[in-house]
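# What follows is a protein structure lacking sequence information:
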């Protein structure tokens, strides 16, 4: 481990030295263009950020009830940062094909104690290190073949998006600067507006919780020239040590945990975005997602889905956009022997993508939850954007794991139970401001509050207080 880390640190240092030396001599109009001659183009890449976070009454202070001896402090402030240097190249072959690749690394750190009671720690890890070739054939087909660690998002990010884990011993919990899969083989074939993608992926997991996961599958997508799309994704978990929890019969008792249950899980997802009535409903956008999941080895059958409707008030000042959505992920029914808990795999968990709530997304993964969501976005200027998000979050199954074994405890009757006894989990509000300072510098600030529902009140045993927090960050990207 120490030797590997030393190699990564050495690679980062080498990249940084190369960047420092070359950028000074680069062209003024594009300082990251390091070399361009004879069909070879070499570019430098540099991204870094700093984020200040403050949280109060974390997780509605559930730890005070479910783990009173843990010493967990629900009020905390911390600072986190990261730097991601990289080099990429493109080389034009005589036959028209292009060879390209990228090498990058991430170094991150957290000063203070974060939301998961971890702090003053960080790590340097390899991010991207891939070699690829792309081109066209005489039949009108184009291809793109890649081997090595890199980012990959399929569809809308419902299943395959976040290929790496940050936070905990790696630091930078909120930023989450790591995105690339640790191992990746990706093959794309396109014809006109249709693209097929086959893949093999190994996520870059935390060393402390590495589930040895390996995935394979394919994605088929049609992009409408008018702006919509329609696609399907199939994912097969080839190997995994990751466990699944299952509700106790009748919801009384601790959940059963099956090690390695994820192995063999298969998921078929459908996604689309379009306006089928474009002539009559100008400025409207409709999206839909659905996923079916099964694993015959452990008698598993689960499902998930989302629908959204958006409208842009194009003739009003600040061009307000209002989006209303509903998303739901099945939970395990305590009344059956079958496992119905949806596995969200590696979804994009940002508030603008697949997060279920703002605060609540740090507590409840996309399993055994549903949410009614609203988002109002306005742009006073081209550089400034304000977004207000609301989510009403509920559980699909009572007395069934919401998070992994969430709220397992002894009730007033002396029974060990898990999950919640009321469906209403929380109501989240999140106000976010984004400012484009210049072409390379971006500022984001936010304040969020989560009002606990009856489900949380029942766990605490009284009326729980809201969970509040805010952040301010700056990201520079060359």
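Cool, got the structure. No experiment lies behind these values; they were computed from the predicted model shown.

# which stretches of this protein form helices?
2-23, 63-66, 454-460 (DSSP state H).

# Which residues belonging to the shortest one are considered buried?
Going back to what we said before, that points to helix 63-66. 63, 65-66 (16 or more other CB atoms under 10 Å). All C-beta atoms are positioned from the backbone trio N, CA, C, and that covers glycine.

# Now render the residues you listed as JSON lines, adding distance to residue 326 and pLDDT.
Formatted as JSON lines, the buried residues of helix 63-66 follow (distance: CB to CB, whole Å; pLDDT from 0 to 100):
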{"residue": "63", "distance to residue 326": "31", "pLDDT": "84"}
{"residue": "65", "distance to residue 326": "30", "pLDDT": "79"}
{"residue": "66", "distance to residue 326": "29", "pLDDT": "76"}
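
# and of those residues, the nearest to residue 101?
residue 63 (45.8 Å; CB to CB).

# circling back to that earlier point, please convert the buried residues of helix 63-66 to a markdown table, extending it with distance to residue 91.
Below are the buried residues of helix 63-66 laid out as a markdown table (distance: CB to CB, whole Å):
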| residue | distance to residue 91 |
| --- | --- |
| 63 | 54 |
| 65 | 60 |
| 66 | 57 |
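
# quick check, nearest of these to residue 267?
residue 66 (31.1 Å).

# Distance check, the closest one against residue 215.
As judged by CB to CB, to the nearest Å, residue 66 and residue 215 stand 33 Å apart.

# what do you get for residue 478?
Distance from residue 478 to residue 215, by CB to CB: 32 Å.

# Name the residue in those two with the higher neighbour count.
Between residue 478 and residue 215, counting by other CB atoms under 10 Å, residue 215 is the more crowded of the two (24 against 18).

# Which residue is the nearest non-sequential neighbour of the more buried one?
Excluding its sequence neighbours, the residue lying closest to residue 215 (CB to CB, 6 or more residues apart in numbering) is residue 201, at 4.7 Å.

# now residue 221
Residue 221 sits nearest to residue 231 (CB to CB, 6+ apart), 3.6 Å away.

# Quick check: beta-bridge partners of the one you found?
Residues in a beta bridge with residue 231, per DSSP bridges, are residue 221, residue 271.

# pretty sure it contacts residue 224?
No. The criterion here is CB atoms under 8 Å, and residue 231 misses it with residue 224 at 11.1 Å.

# Between these two, which is the more surrounded one?
The neighbour comparison of residue 231 against residue 224 (other CB under 10 Å) goes to residue 231, with 20 against 13.

# show me what contacts the nearest residue to residue 46 once chain neighbours are set aside?
Taking CB to CB, 6+ apart, and ignoring the residues beside it in sequence, residue 46 has residue 478 as its nearest neighbour in space, at 4.6 Å. Each residue near residue 478 by CB atoms under 8 Å, 6 or more residues apart in numbering is listed here: 31-32, 44-47, 440.

# With residue 281 instead?
Applying CB under 8 Å, 6+ apart to residue 281 gives the contacts residue 275.

# From residue 275, how far off is it?
Residue 281 is 6 Å from residue 275, by CB to CB.

# And residue 216, by the same measure?
Taking CB to CB, one finds residue 216 at 34 Å from residue 275.

# next one: residue 34
With distances taken as CB to CB, residue 34 is found 43 Å from residue 275.

# between these two, which one's more packed in?
A count of neighbours by other CB under 10 Å puts residue 34 above the other of residue 34 and residue 275, at 21 against 18.

# So what does the spatially most central residue of the chain have for phi and psi?
Closest to where the C-alpha atoms of the chain average out (CA atoms, centre = their mean) is residue 348, at 2.5 Å. Note on residue 348: backbone dihedrals following degrees, to the nearest 10 are phi -80, psi 110.

# mind starting the numbering at 14 from now?
Got it, the first residue is 14 from now on, which makes the last one we talked about residue 361.

# Quick one: residues contacting it.
166, 169-171, 174-175, 367.

# got it, and residue 191?
For residue 191, the contacting residues are 119, 121, 138, 140, 176-179, 183, 217, by CB under 8 Å, 6+ apart.

# rewinding a little: among the helices of the chain, where is the model least confident on average?
Among these, helix 15-36 carries the lowest mean pLDDT, a mean of 45.

# Distance of the closest residue to residue 71 other than its chain neighbours relative to residue 438?
Closest residue in space to residue 71, ignoring its immediate chain neighbours: residue 87 at 4.3 Å, by CB to CB, 6+ apart. Distance, residue 87 to residue 438, by CB to CB: 18 Å.
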